[in-house]
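Peer 1: Kindly return the folded structure for what I paste below:
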Amino acid sequence: MATKSSSKTAKKSAAKRVEPISSSRLQEFFIDSLKDIYWAEKHLTKALPKMQKAATTAQLQEAIEMHLGQTMDHVTRLEQVFEIVGEKPVAKKCDAMEGLTKEADSIVEETEDGTMTRDAAIILAAQKVEHYEIATYGGLVQYATLLGYDDAATILQSTLDEEKETDESLTKIAENDINWQAEQEMDDEKEK
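Peer 2: Numbers count the residues shown, from 1 in each chain. Model prediction:
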């Protein structure tokens, strides 16, 4: 099986195709799930700029921009995982991500431009996306490990870690003032 090697060698072997332990139903589900999250990540590269443009605060705009860069990296990493498992990178429409991004679009339409309420809502929408990604990558790491794709599991774990960090970052942004300011906006409206 695998031998210990330097990090340079490990990076080179990440693109090396590995035969699955078996051709099980789990193997098929793993590949299908990769196709699903591949579509989702590619879709996010189009959806995140809309959210960024709609955001009010520079802090949220910068966080979304950073996540967009990571999302592009996630697409590349998934292509590496496809190579490892001997599959062509093919996207399969992800109904969940499509629904989450449609909801984000609706949130933007239903909130007033330039308000903290809009930013609070965008953060919530973005965190729903993050939680979906965290759940998906968490499962994919486990499947890759079980199926003997250790290099793929390492790549997927890197993405999972970044998704968790993004979720935590969004929470901090919301808690640092945006949610409080949004609550004050509601009070102002009641007074009118």
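
Peer 1: Which stretches in the chain count as helices?
Peer 2: Remark: helices assigned in the chain by DSSP state H are 7-13, 25-54, 58-84, 95-110, 116-146, 150-173, 179-191.

Peer 1: Let me see the contact set for the most centrally placed residue in the chain.
Peer 2: The residue lying closest to the centre of the chain (CA atoms, centre = their mean) is Glu133, at 4.6 Å. The contact partners of Glu133, taken as CB atoms under 8 Å, 6 or more residues apart in numbering, are 37, 40, 163. Quick note: C-beta positions are derived from backbone N, CA and C, even for glycine.

Peer 1: try Val141
Peer 2: By CB under 8 Å, 6+ apart, the contact list for Val141 reads 153, 156-157, 160.

Peer 1: And Glu41, by the same measure?
Peer 2: Glu41 makes contacts with 71, 74-75, 78, as judged by CB under 8 Å, 6+ apart.

Peer 1: Save these as CSV, and put in pLDDT too.
Peer 2: Output for the contacts of Glu41, formatted as CSV (pLDDT from 0 to 100):
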residue, pLDDT
Thr71, 97
His74, 98
Val75, 98
Leu78, 98
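
Peer 1: between the residues you listed, which is closest to Gln184?
Peer 2: Thr71 (32.3 Å; CB to CB).

Peer 1: Could you single out the nearest of the contacts of Val141 to Leu60?
Peer 2: Proximity of the contacts of Val141 to Leu60 (CB to CB) peaks at Leu160, which lies at 23.0 Å.

Peer 1: For that closest one, which non-adjacent residue is spatially closest?
Peer 2: Among residues not flanking Leu160 along the chain, Tyr137 sits closest, at 3.9 Å (CB to CB, 6 or more residues apart in numbering).

Peer 1: Before I go, just wanted to say thanks for your time.
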